[in-house]
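Undergrad: for reference, the sequence and a predicted model appear below.
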Amino acid sequence: MRYLDEYRDPELARHVLDRLRRTATRPWRVMEVCGGQTHTLVRQGIDALLPAGMRMVHGPGCPVCVTPLETLDRAMAIAARPEVTFASFGDMLRVPGTRTDLLALRAGGADVRVVYSPMDAVRIAEAEPEREVVFLAVGFETTAPANAMAALHARRLGLANFSLLVSHVLVPPAMTALLADPDCEVQAFLAAGHVCAVMGWRQYEPIAARWRVPIVVTGFEPLDLLEGVLMAVEQLEEGRTEVVNQYARAVQRAGNRRAQHLVEQVFRITDRTWRGIGPLPASGLELAPEYAAFDAARRFGVSGLRSAEHRGCIAGAILTGAREPTDCTAYGTRCTPRTPLGAPMVSAEGTCAAYHV
């Protein structure tokens, strides 16, 4: 299969690993930002094959993990209403809020439906005008264009019964916040290829220049990640701090301008709270004023709802790379994929879930 089997070839992987071991002279610290990349690194054992002393730092790039607790509690409050059909991707249904999750609400009779696209939710609203249909619009820049398209289409159809509960977050402000931390040990980044397929990599260039860190746009297959690590280490060894593109088969520097235009039409940059991390300025998207009619938080009066994190969960330290899942006293005992305390354990892309076997 083109661009799949080639990037899982064990012989090629050994070749790249040999090059990496010959190149690395120091115990470098490289952060992969994306949770999907974390999943591949851990489940394929790549992090254990790296040169002695070298460490992959697992970053806050799992969209399920960083969706703030208050957004989830707002989702529960809306989904519990009898007039509401609440639509979401399946990976959000088991993410714990303060008291419950969407799956438990559905088991109790709430109309919670799994959809595969925000346009599915628009179609439900069109077919069932007597229902208030709400779509949970979360994720990084990757999912923002599709959610923007849903809002645009609902507006064109004149749907008064469709709305979005929005909690989009942006990668570059999170990287900047990590680098600004005086305890940060990250020396290079692997940037998420799917985010860059939408946004390009120009927004990373000022970060690389200011903080003098190499940034490698990287794919998700084992060889993508090994090659991305090698490209980052080559820069570190040579004293270069550039943005380079390993994922050339899918990403261009300017990204997808049509997708960017959709996002710019519907959303505006805003401050956002990240679950386990806290508030980060200008790190999220919210609906633009002209799309305020589609804001579910306002429509159902839950904008003021605030929540407190579980005291036994160290998700923030895990998401920023300061700690590993095995450092948590609840890991594998009180916190498992069946009984998660925090989103990094429940999400398929979460660091804790990737570690757990």
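TA: Perfect, thanks for sending it. All values derive from a computational prediction rather than experimental measurement. Numbering: from 1, shown residues only.

Undergrad: low-confidence ranges, this protein, go.
TA: In the predicted model of the chain, residues 1-3, 309, 357 satisfy pLDDT under 70.

Undergrad: list the buried ones in the longest helix along it?
TA: Longest among the helix segments of the chain by residue count, using DSSP state H, is helix 222-238. With burial defined by 16 or more other C-beta atoms under 10 Å, the residues of helix 222-238 counted as buried are 222-236. C-beta coordinates here come from the backbone N, C-alpha and C atoms, glycine included.

Undergrad: repeat for stretch 108-125
TA: Within stretch 108-125, the residues that count as buried by 16+ other C-beta under 10 Å are 110-113, 115, 118-125.

Undergrad: what's the most distant pair in those?
TA: The span of those, defined through C-beta to C-beta, is set by 110 and 119 at 22.3 Å.

Undergrad: farthest residue from the center of the chain?
TA: Relative to the centre of the chain, and counting by C-alpha atoms, centre = their mean, the farthest-placed residue is residue 130 at 33.6 Å.

Undergrad: what are the ranges of the strands in this structure?
TA: Secondary structure of the chain (DSSP state E): strands at 29-34, 55-61, 84-88, 111-114, 132-139, 162-169, 188-192, 215-218, 243-245, 267-274, 278-287.

Undergrad: any chance of those in JSON lines, plus distance to residue 40?
TA: Listed next are the strands of the chain as JSON lines, based on distance: least, C-beta to C-beta, whole Å:
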{"stretch": "strand 29-34", "distance to residue 40": "9"}
{"stretch": "strand 55-61", "distance to residue 40": "11"}
{"stretch": "strand 84-88", "distance to residue 40": "25"}
{"stretch": "strand 111-114", "distance to residue 40": "25"}
{"stretch": "strand 132-139", "distance to residue 40": "19"}
{"stretch": "strand 162-169", "distance to residue 40": "21"}
{"stretch": "strand 188-192", "distance to residue 40": "11"}
{"stretch": "strand 215-218", "distance to residue 40": "10"}
{"stretch": "strand 243-245", "distance to residue 40": "18"}
{"stretch": "strand 267-274", "distance to residue 40": "23"}
{"stretch": "strand 278-287", "distance to residue 40": "25"}
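
Undergrad: for residue 154, which of those is the nearest?
TA: Proximity to residue 154 (C-beta to C-beta) singles out strand 162-169 among the strands of the chain, at 4.4 Å.

Undergrad: which strands and helices sit next to that closest one?
TA: Contact partners of strand 162-169 among helices and strands, from 3 or more C-beta pairs under 8 Å, 6 or more residues apart in numbering; DSSP states H and E: helix 69-79, helix 118-127, strand 132-139, helix 144-157, strand 267-274, strand 278-287, helix 296-299.

Undergrad: could you redo the last one with a cut-off of 6 Å?
TA: strand 132-139, strand 278-287, helix 296-299 (3 or more C-beta pairs under 6 Å, 6 or more residues apart in numbering; DSSP states H and E).

Undergrad: between it and helix 144-157, how many degrees?
TA: Note on geometry: by axes from the mean of the first three to the mean of the last three C-alpha atoms, to 10 degrees, strand 162-169 and helix 144-157 are set 160 degrees apart in direction.

Undergrad: and the most centrally placed residue in the chain, what is it in contact with?
TA: In the chain, the residue lying closest to the centroid (C-alpha atoms, centre = their mean) is residue 63, at 2.8 Å. The contact partners of residue 63, by C-beta atoms under 6 Å, 6 or more residues apart in numbering, come to 138-140.

Undergrad: so for stretch 268-275, what gets flagged as buried?
TA: For stretch 268-275, a neighbour-count test (16+ other C-beta under 10 Å) marks 272-275 as buried.

Undergrad: ok, now stretch 195-204?
TA: By 16+ other C-beta under 10 Å, the buried positions in stretch 195-204 come out as 195-201, 203-204.

Undergrad: cool, stretch 92-110 as well?
TA: 92-97, 100-106, 110.

Undergrad: now, which of those residues sits nearest residue 249?
TA: Using C-beta to C-beta, those come closest to residue 249 at residue 92, 29.6 Å.

Undergrad: coming back round to it: nearest to residue 281 among the buried residues of helix 222-238?
TA: residue 232 (27.3 Å).

Undergrad: residues near the residue lying closest to that closest one once chain neighbours are set aside, how many?
TA: Residue nearest to residue 232 in three dimensions, not counting chain neighbours: residue 188, with 4.0 Å by C-beta to C-beta, 6 or more residues apart in numbering. Residue 188 is flanked by 22 other residues according to other C-beta atoms under 10 Å.

Undergrad: which strand residues bridge residue 188?
TA: On the basis of DSSP bridges, residue 188 is bridged to residue 30.

Undergrad: now it: how far from residue 56?
TA: 11 Å (C-beta to C-beta, to the nearest Å).

Undergrad: closest to residue 146 out of the strands of the chain?
TA: strand 132-139 (8.9 Å).

Undergrad: so which elements touch that closest one?
TA: Judged by 3+ C-beta pairs under 6 Å, 6+ apart, strand 132-139 is in contact with strand 84-88, helix 118-127, strand 162-169.
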